[in-house]
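In: sequence unknown, structure follows:
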C-alpha cells in the first residue's frame, strides 16, 4: 500500500470563484505526495483533460481532484472519472452532490438525528414569480433573527451574509444568488465554530481532532479563511473531552449517512449550552496552509505526507468505481 513511484494526477484550478484556493490546495497536496515518493502531475480541469487521461490511461494510477466550487464538488467530474474507469480520491458522485447542496445535506443529517438550524430554501425563480417584497416578508416571519443567508451550493463562505432585521434581507439575498441559483436562510446559532475532518485510509473512517475557529473580525469569511493571521485556530478545540468525543461521533455519523468516502470535513457550531449543531459537510475540503483538515491531521500527530500518500494509495488499490451507486441513508 505504498505510493512510491505511482503516478498521481492532481486536478486543481478550474473556473469557479474558488480557483485560487484550489490552486493552493493542489500545490500543497502535490508537494506532500512528492515528499512521499510519488510521481505527481498537476493539471487544470480544462478541455484537454479527458483526452489526456484517455491517452495516458495506462500510466495514471490515481486522480486526486482538489477542486473547489461547483465543477469539482457537485459530483460531475467524479461521474466522468467513473465512466473512464480511472481510480480517484473522493466520494461517489451522488454523495458529493448531496454534500455540495447544503439543503440536501441538512435534510439527510436531520433525518439521521443530528441537530441542524431551522431553515428555508428557495430557488431564484421564486423571487421573480412571487415578488421579492412578498417573499422577503414571508421569510422574515418564518426564520428567527439573527439569520444567515447563504448560497444553497457554494463554499469558502462566499456569498454568505448575516441579517439582523428584515431590511437587510434584500442585499443579502442578491449577494447569495450571485453564487448559486438557490438560497438557504437559516437561524444563526451563536457559539463556537468547530470543524471535524474525517478520513479513511483503508481501514475505515475516523475523525481527526476538531479544530476551533476564532476569526479576529468575528466572522469566518473568505478573507479570514485564507489570509494568514486573520484567524486563530485551536487544534484540538478548547472544549471538554466528552464534547470533543461527541463531535467526532457526530462527524462520523454525518459522513456515513451522506455517503462520503476517503476525506471530508464536517462543520458544526457548538451553542452556549454546549449543544453541537450540524451546519454543512464538504466533500473536497481545502488543503491550504490555513485549511482545517490539515490542521486536524497535524493535531492528531500525523504526517501530512503519510496521510495523503495513504489516501492516494488506498484509492489506487481500490481501483475504478464502476459499480452501481448506493443511495445515501
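Out: Nice, I can see it. Being a predicted model, the structure only gives us computed values, none of them experimental.
In: ok, now which ones touch residue 267?
Out: 193-196, 278-282 (CB atoms under 8 Å, 6 or more residues apart in numbering). In short, each C-beta sits where N, CA and C put it, glycine included.
In: can you tell me which of these are in helices?
Out: With DSSP state H as the criterion, helices contain none of the contacts of residue 267.
In: my guess is residue 21 contacts residue 288, does it?
Out: Yes: in this structure, residue 21 is within contact of residue 288 by CB atoms under 8 Å, at 6.3 Å.
In: neighbour-wise, which of the two wins?
Out: Legend: neighbour count by other CB atoms under 10 Å for residue 21 and residue 288, higher for residue 21 (26 against 22).
In: now the more buried one, nearest residue through space, not along the chain?
Out: In space, and not counting its chain neighbours, residue 21 is closest to residue 68: 5.2 Å by CB to CB, 6 or more residues apart in numbering.
In: circling back: the contacts of residue 267: which two are farthest apart?
Out: 193 and 281 (14.7 Å; CB to CB).
In: which one's more surrounded, those two?
Out: Neighbour count, other CB under 10 Å: between residue 193 and residue 281, residue 281 has more, with 29 against 19.
In: so what's the more buried one up against?
Out: Residue 281 makes contact with 99, 105, 109, 254-255, 258, 260, 264-267, according to CB under 8 Å, 6+ apart.
In: and of these, the nearest to residue 292?
Out: Distances from residue 292 to the contacts of residue 281, taken by CB to CB, are shortest for residue 265, at 6.0 Å.
In: so the closest one: helix, strand or coil?
Out: Here residue 265 is strand, with the state taken from DSSP: H, G, I helix; E, B strand; the rest coil.
In: what's the burial count for it?
Out: 25.
In: next: residue 33.
Out: 24.
In: again with residue 139
Out: So residue 139, with other CB under 10 Å, has 19 neighbours.
In: and for residue 242?
Out: Under the neighbour criterion other CB under 10 Å, residue 242 is assigned a count of 9.
In: and it, how far from residue 189?
Out: 20 Å (CB to CB, to the nearest Å).
In: quick one, strands of this protein?
Out: Taking DSSP state E as the criterion, the chain carries its strands at 7-11, 39-43, 62-65, 119-123, 147-151, 161-163, 182-187, 191-200, 205-207, 211-215, 231-234, 263-271, 276-282.
In: how distant is the fourth one from the center of its chain?
Out: Right, the one you point to is strand 119-123. How far strand 119-123 lies from its chain's middle: 20 Å, per CA atoms, centre = their mean, to the nearest Å.
In: quickly run through the sheet partners of that strand, with directions.
Out: strand 182-187 (antiparallel) (DSSP bridges).
In: where do the helices sit along the stretch 101-250 of the chain?
Out: For the stretch 101-250 of the chain, applying DSSP state H, counting those that start in this stretch gives helices covering 102-111, 124-130, 132-142, 169-177, 222-226, 241-258.
In: mean pLDDT lowest for which of those?
Out: Mean pLDDT is lowest for helix 222-226 out of the helices of the stretch 101-250 of the chain, coming in at a mean of 64.
In: the closest residue to residue 304 other than its chain neighbours: what's it in contact with?
Out: Excluding the flanking residues, the one nearest residue 304 by CB to CB, 6+ apart is residue 32, at 4.8 Å. Contact analysis of residue 32 by CB under 8 Å, 6+ apart lists 304-305, 308-309.
In: hey, what's residue 123 bridged with?
Out: Note on residue 123: beta-bridge partners residue 182, judged by DSSP bridges.
In: wait, isn't it in contact with residue 181?
Out: Yes: counting by CB under 8 Å, residue 123 touches residue 181, with 6.2 Å between them.
In: what is the burial count for residue 241?
Out: 8.
In: cool, and residue 59?
Out: Residue 59 has 11 nearby residues by other CB under 10 Å.
In: how far away is it from residue 12?
Out: On the measure of CB to CB, residue 59 and residue 12 end up 19 Å apart.
In: for residue 281, same thing?
Out: With distances taken as CB to CB, residue 281 is found 21 Å from residue 12.
In: ok, back up a step: of all the helices of the stretch 101-250 of the chain, which lies closest to residue 151?
Out: Here helix 169-177 is closest among these (CB to CB), at 4.9 Å.
In: contacts for the closest one?
Out: Counting by CB under 8 Å, 6+ apart, residues outside helix 169-177 touching it are 124, 127, 132, 136, 139-140, 149-151, 159-163, 183-184.
In: tell me the two of the residues you listed that are most distant?
Out: 124 and 162, at 20.7 Å, using CB to CB across the contacts of helix 169-177.
In: lowest confidence element among the helices and strands of the protein?
Out: In the chain, no helix or strand scores lower on mean pLDDT, DSSP states H and E than helix 222-226, which sits at a mean of 64.
In: please consider this matter closed, and thank you.
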